[in-house]
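Engineer: quick check, what structure comes out for this input:
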Amino acid sequence: MAILKIVEIGDEILRKKCREVTEITPKIITLLDDMKDTLIKANGVGLAAPQVGILRRLFIIDTCTDGENHEIVEFINPKIVETKGHQEEVEGCLSVPGKYGVTSRPMTVTVEATDRNGKTFRYTGTGLYGRCLCHENDHLDGTLYIDNALEMLDPEDLEEE
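Structural biologist: Below you'll find the predicted structure:
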């Protein structure tokens, strides 16, 4: 496994639309494994392939709630199939370090995707994980959360909450 370099804002790859994964190859499996290690080391919630310089439609999220038992869910060729409710919450991004903004997202999001074994599945996330699913899926189309943030926050604003 390897820790990959996280691409940061200003790199044009973050603004490009990703291509579908047409075959789950050993290279794709290695990418997923390396993304997991990278996400855990970065202490993030989600990571999309373009954030590590790969223009493929896949991302991962970590549903760990205790900081130790990482539960990684992998999404290959994800599609948002249902959304419910509404939330306005603070969001950040590993590719936009040190910046945060308030975004408007659905409260509950259901994604259909393929896993590393080629099986189709559905995953529903609520609250933070609903936001994360939208956020990571946006990366696959070259969109960053700052493009649609309702307001950007200063670090001092976060300390007040």
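Engineer: ok, the closest residue to residue 31 other than its chain neighbours to residue 130 distance?
Structural biologist: Spatially, and ignoring its direct neighbours in sequence, residue 31 is nearest to residue 54 (6.2 Å; CB to CB, 6 or more residues apart in numbering). From N, CA and C alone the C-beta is placed, and that goes for glycine too. Distance, residue 54 to residue 130, by CB to CB, to the nearest Å: 25 Å.
Engineer: who has more neighbours out of those two?
Structural biologist: Legend: neighbour count by other CB atoms under 10 Å for residue 54 and residue 130, higher for residue 130 (23 against 19).
Engineer: that one contacts residue 109, correct?
Structural biologist: Yes: between residue 130 and residue 109 there is a contact at 4.2 Å, judged by CB atoms under 8 Å.
Engineer: contacts only, for the residue nearest to the spatial centre of the chain.
Structural biologist: Nearest residue to the geometric centre of the chain (CA atoms, centre = their mean): residue 136, 2.8 Å. By CB atoms under 8 Å, 6 or more residues apart in numbering, residue 136 lies in contact with 46-48, 59-61, 75, 78.
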